[in-house]
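1. starting from these lines, generate the structure:
(one chain, ligands or ions: 1)
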Amino acid sequence: MLPLLFKVLIINLLFYVLISSLGALRAVYYGERRAFPTLRHPLGCLSVQAQSPEVSPLPPGPRGLPLLGYLTKVGPNPHQTFYNLSKIYGPLLHLRFGIVDVVVPSSAEVAAKLFRNDLKVVNRPKNSGAEHILYNYQDIGFVPYGPRWRMLRKLCALHLFSPKALDDLQDTRREEMDLFVGELAGKGGAVEVDVSREVAKCVANSLSRLLIGRRVFDAGQEKEAGEFKWMVMELMHLSGSFCVADFLPGLGWLDPQGLISRMKKLNRRFDAFLNRFMAEHREPNAAGDNNNSGKRDLLSVMLEQQENADGEGGKLTDVDIKALLVAMFAAGSDSTSITSEWALAELIRKPEILARAQAELDSAVGRNRLVMESDLSNLPMLQDIVKETLRLHPPAPISVPRVAVEDCEVDGYLIPKGSTILLNIWAIGRDPVAWPDEPNEFRPDRFLPGGKHEGEDLKGSHFGLIPFGAGRRICVGMNLGLRMVTFMTATMIHSFDWFLPEGQTGEDLDMVERANGLTLIKAVPLVARPVPRLKPEVYANL
Ligand code: HEM
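-> A predicted model of the protein is given here:
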């Protein structure tokens, strides 16, 4: 194995030396700065700086190792590594990962300038995850911008995320929330629970009922639930891992990290899982909505659309549908549950803010019933709490990558065609220029009327606050994600008071974060004891 790896590395090395030397000579000959990807010698010792005065320079950044560039130095928390580098090199960073140029915007101002070029950075880069897990880039998140992407986006926007679609399926989420509250209340205020596990279960079931019409964590189906849990965890881990083969072509078949074989295995498991549900949905008199109180799920809608969708976006194949569903599970489950857990953890650490939020709920909802989605618009403080949580703990700390489809200039620097763009959402939320008052503190009041950030929303036009991204490819599930996070947070603090384990105080609650693939989780899951605070009869029939 080792000699083989060695040979491949040598062949790669010779290949890059040859190609880059030719590129460098060409660049010198023509005075061409734009041939950048081939301009710098991979060994880092023969760089040719053939700059023509009229073309912008690359953004600054550290050089990294020969051949590998900065790839080996990213570490387990790339958002923090990039943040630290941005303090040295500035808010637009250039790194080299193998043969790929990587550009990292880290401030609100630079993000605003980047999104002025949205059409030039509207696609996603090639990567092993989208190839092997997402059916060769067939899903909505990785399909290239164009008629097919528009068709998929329209389909989701209309049938899953429009205000009407959200309202139509709110009973489904209500039922799942009732189960969640009932289960916690059943512990009689005496038992500590792993909040991340309970919330994740509720969110995954709500989402899976919207997508495929059934729960994925169901009592009596432990084997299936275990399988699904494994798939989602593996999906989250693999979809955000830096796969060396993406940056050093030629290594793909060697799969030195073992990631590609795991991706293929995951795809096989997901495929079997989804084939089963598609077959069930296709059965005559199938109740694709079997636990959806008569409401249709996304899978049923898409199977129906298979007959109709033949516009400029083309036909919807079975593979398109499966890719879309996997993408929705990947993008929608952890992002929502993790944010709700962070919100509760922040509130437990700040009891005075928690008390005010509970008072707002008591006054708008009372203590005789559970909070409902229709109450959320009457809870401005709660909405500010969610915004502040998403600012400090964006579940996707580095946004889903984009690729420059042509050269573009941002802030006086060149982003060369083919560069991967990793927007550091986490750093932007702490940008001291955009957030001059205690940027690292959890202070929802900053959004209050009359405050500096009054009226700033999450829709992608206030560039200091872009946890859902921005531009044409802004998160398509934003409305659902926001609703689920707000509803879950409201329910947790309205239905229960929360107590930390004996001897632990809010101040010493461990808030360390850890990147888990694309998402940012609480390294130590929140464990707390929920004590019912509403009238006992509210919990009686749950
Ligand atoms: C708190 C919750 C969520 C956050 C913070 C979040 C964040 C993001 C971000 C940062 C992007 C990349 C946007 C860009 O490139 O500019 C994205 C894309 C996406 N998200 Fe979300 N997301 C959330 C919930 C959801 C939910 C609930 C779903 C669906 C069920 C979803 C589905 C998607 C999809 C399909 C894309 C790709 C869109 C495209 O490429 O056109 N997300 N999300």
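
2. show me what secondary structure element comes after the helix or strand Ala343 falls within.
-> For Ala343, the host element (DSSP states H and E) is helix 318-349. Beyond helix 318-349 on the C-terminal side, the first helix or strand identified by DSSP H and E is helix 351-364.

3. by contact count, what packs against that next one?
-> helix 318-349, helix 380-392, helix 478-495 (3 or more C-beta pairs under 8 Å, 6 or more residues apart in numbering; DSSP states H and E). C-beta: built from backbone N, CA, C; applies to glycine.

4. least reliable of these going by mean pLDDT?
-> With a mean of 94, helix 318-349 has the lowest mean pLDDT of these.

5. for it, buried residues please.
-> Buried residues in helix 318-349, counted by 16 or more other C-beta atoms under 10 Å: 320-349.

6. and that helix with the ligand, contact?
-> Yes: interface with the ligand: helix 318-349 contributes 327-328, 331-332, 335-336, 339 (C-beta under 6 Å from any ligand atom).

7. quick one, that helix and helix 380-392 angle?
-> On the basis of axes from the mean of the first three to the mean of the last three C-alpha atoms, to 10 degrees, helix 318-349 is oriented at 110 degrees to helix 380-392.

8. chain center to helix 318-349, what's the gap?
-> With C-alpha atoms, centre = their mean, to the nearest Å as the basis, the distance from the averaged C-alpha position of helix 318-349 to the chain average is 7 Å.

9. return the angle between stretch directions for that helix and helix 478-495.
-> Going by the same axes, to 10 degrees, helix 318-349 makes 40 degrees with helix 478-495.

10. can you give me the angle helix 318-349 makes with helix 351-364?
-> Using the same axes, to 10 degrees: helix 318-349 against helix 351-364 is 110 degrees.

11. and the next helix or strand past the lowest-mean-pLDDT helix or strand in the chain?
-> Of all the helices and strands that make up the chain, helix 36-39 has the lowest average by mean pLDDT, DSSP states H and E, namely a mean of 38. The first helix or strand that comes after helix 36-39 along the chain, using DSSP H and E, is helix 78-89.

12. now the helix or strand following that following helix: mean pLDDT?
-> Downstream of helix 78-89, the first helix or strand assigned by DSSP H and E is strand 92-97. Mean per-residue pLDDT for strand 92-97: 97.

13. ok, and what's touching strand 92-97?
-> With C-beta atoms under 8 Å, 6 or more residues apart in numbering as the test, strand 92-97 has contacts from 40, 58-64, 68-71, 82, 85-86, 101-106, 110, 242, 247, 410-411, 413, 420.

14. off-centre distance for that strand?
-> 21 Å.

15. now swap in stretch 443-460 and tell me
-> For stretch 443-460, the distance to the chain centre is 23 Å (C-alpha atoms, centre = their mean).

16. quote the end-to-end distance of it.
-> 21 Å (C-alpha to C-alpha, to the nearest Å).

17. and if you look at stretch 134-150?
-> 18 Å.

18. I'd like the numbering to begin with 38 instead of 1 from here.
-> Yes, from this point I'll number from 38; that puts the last item at stretch 171-187.

19. Met214 against Met525, yeah?
-> Yes: with contacts counted by C-beta atoms under 8 Å, Met214 reaches Met525, the gap being 7.5 Å.

20. quick check: neighbours shared by those two?
-> Cys239.

21. look up the closest residue to the most centrally placed residue in the chain, ignoring the ones flanking it.
-> By C-alpha atoms, centre = their mean, the chain has its centre lying nearest to Ala433, at 3.8 Å. Distances taken as C-beta to C-beta, 6 or more residues apart in numbering put Leu555 closest to Ala433, at 5.5 Å, once the chain neighbours are dropped.

22. contacting residues around that neighbour?
-> So Leu555 contacts 273, 276-277, 367, 433, 435, 437 (C-beta under 8 Å, 6+ apart).

23. let's see 10 Å
-> Contacts for Leu555 were tallied using C-beta atoms under 10 Å, 6 or more residues apart in numbering; they are 166, 272-278, 367-368, 371-372, 432-438.

24. can you pull the contacts of Gly112?
-> Contacts of Gly112 by C-beta under 10 Å, 6+ apart are 118-119, 121, 552.

25. please check the residues you listed and keep the buried ones.
-> Of those, these count as buried by 16+ other C-beta under 10 Å: 118-119, 552.

26. and of those residues, the nearest to the ligand?
-> Ala552 (14.1 Å; C-beta to the nearest ligand atom).

27. sweet, I'm off.
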